[in-house]
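# Below are the sequence and a predicted model for it; my questions follow.
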Amino acid sequence: MKRDLASLDGQAFDLLVIGGGIVGAAIARDATRRGLTVALVERDDFACATSEAMSHMVHGGIRYLANGDVRNVRESLRERAIWRKIAPHKIEVIDCLTPVVGSGFAKGLAMRAAVATFNALGGRNVATGGNRSSSFISAREAVAAEPAVAQPGLEGALTYLDCRVNEPERVVLALLQDAAAGGATIANHVECTSLRVSAGTVQGARLIDRLSGAALELHARAVVNATGSWADALAARLLGRSTSARTTLSKGVHLVTGPIAVSHALNLAGKGEHAVVMPWRDMSLIGTTDDRFDGDPSKVTATDDDIERLKAKIARLLPGVNIGASLGRFAALRALPGSAGDTYRMSRDTAVVDHARDDAAGLYSVFGGKWTTARHMAETAVDVVIAALGVKARGCDTAQAPLGETPVDLEAFGKKWRGRLANWPEAEALLSSYGSSIGEVVSHVAPGPVDAREVERARFAHAAAVEMAVTPADFERRLARWHAIRHPGVAKRAAEWMTDRSAPTAQREERGRR
């Protein structure tokens, strides 16, 4: 995947996708596989916002059952199983545990019924994850499995299966690499500044390279605005007026700490509140809040007040836990269709807005849904585009086609590479990061003993060669958030690597001898 702006400037495409998050990437992959000519631009870097700062659960939506939203649960379970099928090296099955505390007979029975319904709808079906049913375990068994749930009034716990993704930013990258392999033209750090509209129909777009300042222009028969939290604001800016795209932003905050959960995602529920504590690369990921946000999406942060409220919630739900020092924090926004004050209960439906009603036929805004359902959101959006263009296209196959880096035989792949990387630091994480592309990373490492610095620099080299990493922040993102938390200073080391790479050979050799 190369950043080739000449392949954008002056060229003609069936579809321009604006936004390089999970939805935009899934749209580009889907449309390319159906035979459309596709361009995708991202004003910052791929997966730089909500797509990497999500809960890291690829979940079946069990909590939606409390609102009677069976339709969304069915969709989430179907899409979860698809992710497991097309990217099993990235989407892992995880045991979940919900402590039952002072519930009373009726509430306890309702909780058991909810998990039973979840399983009946497909909750136990996680592709190759097995078919274990949910179960109710005693308080003693629950504490033995997860000491953090120990508290007065603990009656036991419900256990069930769900899924997680350790590196959501690298799933986005894999989707984009598939799209590029299929012929899509993709570029980060390129912003769409305006649309070319003639007689109420979109004809193309004007762009600017935010790194060089160069102006670009392309022709496109359709444009999809897949910018998530920026979707309605971008549509209004591009058209110079208020549009029919309407979203409410919901802010979610996450905290990273030392280990709290052992092997289960702790799905915690109290009076009108919910939280998850999940094991994550020898740390714990705690989330989340769900509050309406009315500011600039680019300014969203996890404030001290946000973190204190999240900690207070965990203290209520896990009163015996000392959270300890924070290792990291992050915040993300979700764009929910419509307008309401209570974002926790707002619909997670997908919206595809046709801006023909705004005198801009050919422009579509896509938002809503969840990370888990991004593939289906893309399928829906591409269906709309193909129907509008009136072209013959192949059927959608993204529910069956594995990602390009997915090993053909996951078990044989793991056996081969675990042996070859036996002395490499964090080898298991690398296999998840790169899948069948791991050999390309290994090729950047000289024979002999391997330390963490050499592996990191090999990953920098790979990111520069085929992952379109341009800035130090891009390189940090290619190595994933968990790595940056565990190994602070990644962006600084990436900048040093970039400087070293651009230096004359003699200077590089001298540095190597020091």
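All right, it came through fine. Numbers count the residues shown, from 1 in each chain.
# How many neighbouring residues does V445 have?
15 (other CB atoms under 10 Å). (C-beta placed from N, C-alpha, C; glycine too.)
# cool, and L403?
L403, neighbours per other CB under 10 Å, totals 20.
# show me what contacts it?
I86, A87, K90, A174, L175, D178, G435 (CB atoms under 8 Å, 6 or more residues apart in numbering).
# What's the separation between the last one and G153?
This means G435. Here G435 is placed at a distance of 45 Å from G153 (CB to CB, to the nearest Å).
# Neighbour count for these two, which is higher?
G435 (23 against 11).
# Give me the three-state assignment for that one.
What DSSP: H, G, I helix; E, B strand; the rest coil gives for G435 is helix.
# where's it relative to T372, distance?
G435 is 20 Å from T372, by CB to CB.
# Next: L266.
Separation of L266 from T372 (CB to CB): 19 Å.
# Quick check: the nearest residue to L430 once chain neighbours are set aside vs E79, distance?
Leaving aside its chain neighbours, L430 sits nearest to I438 (6.2 Å; criterion: CB to CB, 6 or more residues apart in numbering). Distance, I438 to E79, using CB to CB: 27 Å.
# Please apply the same query to L410.
20 Å.
# Those two: which is more packed in?
A count of neighbours by other CB under 10 Å puts E79 above the other of L410 and E79, at 23 against 15.
# tell me the pLDDT at the more buried one?
pLDDT recorded at E79 is 94.
# Just give me the closest of the contacts of L403 to V17.
Comparing the contacts of L403 against V17 with CB to CB picks out L175 as the nearest, at 11.3 Å.
# Can you say which helix or strand has the closest one in it?
Using DSSP states H and E, L175 sits within helix 168-181.
# C-terminal to that helix, what's the next element?
strand 185-188.
# tell me which strands and helices that next one is in contact with?
Secondary-structure packing of strand 185-188 (3 or more CB pairs under 8 Å, 6 or more residues apart in numbering; DSSP states H and E): strand 38-42, helix 168-181.
# nearest to K313, of these?
Ranking the helices and strands packed on strand 185-188 by their distance to K313 (criterion: CB to CB) puts helix 168-181 first, at 23.2 Å.
# Mind putting the contacts of L403 into TSV with distance to T159 and pLDDT?
Below are the contacts of L403 laid out as TSV (distance: CB to CB, whole Å; pLDDT from 0 to 100):
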residue	distance to T159	pLDDT
I86	27	97
A87	25	97
K90	24	97
A174	31	98
L175	32	98
D178	35	98
G435	29	98
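# Which one (most neighbours) among the residues you listed?
So for the contacts of L403 (other CB under 10 Å), the most neighbours sit at L175, 30 neighbours.
# Might one say that it is in contact with R29?
Yes - assessed by CB atoms under 8 Å, L175 is found in contact with R29 at 4.8 Å.
# Could you count how many residues lie near G200?
Counted with other CB under 10 Å, G200 comes out at 12.
# Next up, phi/psi of it, please.
phi 80, psi 10 (degrees, to the nearest 10).
# any idea how far A226 is from A236?
Where A226 is concerned, A236 sits at a distance of 16 Å (CB to CB).
# These two: which is more packed in?
A count of neighbours by other CB under 10 Å puts A226 above the other of A236 and A226, at 30 against 14.
# who's in contact with the more buried one?
Per CB under 8 Å, 6+ apart, neighbours of A226: V17, I18, G19, G21, V23, G24, I27, V366, A381.
# If we use 10 Å, what do you get?
Contact partners of A226, counting by CB atoms under 10 Å, 6 or more residues apart in numbering, are 17-28, 40, 42, 234, 364-367, 374, 377-378, 381.
# quick one: the strands in the stretch 51-200 of the chain?
57-58, 91-101, 135-138, 154-165, 185-188, 190-198 (DSSP state E, counting those that start in this stretch).
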